[in-house]
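Undergrad: fold the following.
(one chain, ligands or ions: 1)
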Amino acid sequence: MHNVLSIDVEEHFQVHNLETGVPRADWDTHASRVEANVQRVLELLERSRVRATFFILGWVAERHPRMVAEIAVRGHEIACHGYGHRLVYSQTREQFAEDLRRSLGCLREALAAAPGLPPVDILGYRAPSFSVTAAVPWALDEIRAAGFRYDSSIMPATGHDRYGMAGVSRFAHVLPNGLVECPVATVRLGGRNWPIAGGGYFRLFPLAVTRWALRRINREGHPAVIYLHPWEFDPDQPRVAGPSAWMRFRHYVNLRQTAPRLERVLNEFTFVPLREALAGILPPPGA
Ligand SMILES: [Zn+2]
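TA: I've put the predicted structure just below:
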């Protein structure tokens, strides 16, 4: 059974947990750390011989086009994390469609500028903070209309302060509009779905819990989709003020553990890019 490692590529200050501490207007005044952090991730993946899926922010691709090309050259999948890291439900339908269009443009431009790189198809999208919820019933149609063939934006769990959608399958499934929806890993326990293998959860729970969750999901016959961010491999990042002690804790807990833990998981389980894990159910190009 293959699993999937996905990396949401954004700067350490572009996180909704910390939004009140770093206003959007100040983003360009912060020193960038994303290239160095992505480099760490690429080296770790190289050592473990794992190919991953990188959901890259258009804002980042615009400023670091060579980094985008390098990720592709190393054999990883390039996917889209939107342009400006705005929560989907904080935008109008038109603004969301424009954010998708603009981010795709930045990614394609970065890839086109790389000499010798064969054409790269961008198939997948993941919304910032899994913000495709019941509040934005048009979102999945806009994602499909933008040309994406799969989406990984729905968290099939409730109870978080910002995301979650009840009653959605925990595993990859084809939506009526043809788009494949592939949620990140959750475990079903006590009649509820619990996010387990990504971001703060990956760092907060002991490694044994992550392993148990992956085995359990694989026994159900499905790949587990893990998600992490480049800043989670950067224990020395400057701390910014968060809105609450809990949010700061969730953001900064166990940052030194991300790389060694991930390395052990990568060596113990097998991983393929998301597009390969979904190959059997993706709609054909142009369909
Ligand atoms: Zn993000």
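Undergrad: and residue 111, that one's in a helix?
TA: Yes: Residue 111 sits within a helix when classified using DSSP: H, G, I helix; E, B strand; the rest coil.
Undergrad: start at 619, not 1
TA: Got it, first residue is 619 now, which makes that one residue 729.
Undergrad: what number of residues lie near it?
TA: Other residues lying near residue 729 total 22 when counted by other CB atoms under 10 Å. To be clear about C-beta, it is placed using only N, CA and C from the backbone, and glycine gets the same treatment.
Undergrad: can you read off the pLDDT for the residue nearest to it when sequence neighbours are not counted?
TA: Distance criterion CB to CB, 6 or more residues apart in numbering; nearest residue to residue 729, sequence neighbours excluded, is residue 738 at 4.9 Å. Here, the pLDDT recorded for residue 738 equals 91.
Undergrad: just the helices in the protein please.
TA: For the chain, applying DSSP state H gives helices covering 652-666, 676-681, 683-691, 711-730, 757-763, 817-822, 825-837, 863-870, 876-886, 892-895.
Undergrad: in the stretch 619-768 of the chain, where is pLDDT below threshold?
TA: 636-638 (pLDDT under 70).
Undergrad: residues in this protein within reach of the ion, list them.
TA: Residues of the chain lying close to the ion (CB under 5 Å from the ion) are 626, 628, 746.
Undergrad: report the closest residue of the stretch 719-868 of the chain relative to the ion.
TA: Nearest residue of the stretch 719-868 of the chain to the ion (CB to the ion) works out as residue 746 at 4.5 Å.
Undergrad: please name the nearest non-neighbouring residue to that residue.
TA: Leaving out its chain neighbours, the residue that sits closest to residue 746 by CB to CB, 6+ apart is residue 703, at 4.7 Å.
Undergrad: quick one, what contacts that neighbour?
TA: The contact partners of residue 703, by CB atoms under 8 Å, 6 or more residues apart in numbering, come to 628, 632, 634, 675, 677, 746.
Undergrad: show me which of those are buried.
TA: When neighbours are counted using 16 or more other CB atoms under 10 Å, the contacts of residue 703 contain these buried positions: 628, 632, 634, 675, 677, 746.
Undergrad: for stretch 848-859, buried residues please.
TA: Within stretch 848-859, the residues scored as buried using 16+ other CB under 10 Å are 848-852, 855, 858.
Undergrad: in strands only, show me the residues you listed.
TA: Counting by DSSP state E, the buried residues of stretch 848-859 place none of their members in strands.
Undergrad: just flag the most distant two among those.
TA: With CB to CB as the measure, no two of the buried residues of stretch 848-859 lie farther apart than 851 and 858, at 17.5 Å.
Undergrad: ok, residue 740 touching residue 696?
TA: Yes: in this structure, residue 740 is within contact of residue 696 by CB atoms under 8 Å, at 5.9 Å.
Undergrad: who are the contact partners of residue 812?
TA: By CB under 8 Å, 6+ apart, residue 812 lies in contact with 775, 804-806.
Undergrad: what about 10 Å?
TA: By CB atoms under 10 Å, 6 or more residues apart in numbering, residue 812 lies in contact with 775, 777, 803-806, 819, 831.
Undergrad: again, but for residue 725
TA: Shown in contact with residue 725 (CB under 10 Å, 6+ apart): 674-676, 678-680, 683, 686, 690, 696-699, 701, 738, 740.
Undergrad: thinking again about what came up before, okay, residue 740 and residue 696: which has more neighbours?
TA: Legend: neighbour count by other CB under 10 Å for residue 740 and residue 696, higher for residue 696 (25 against 20).
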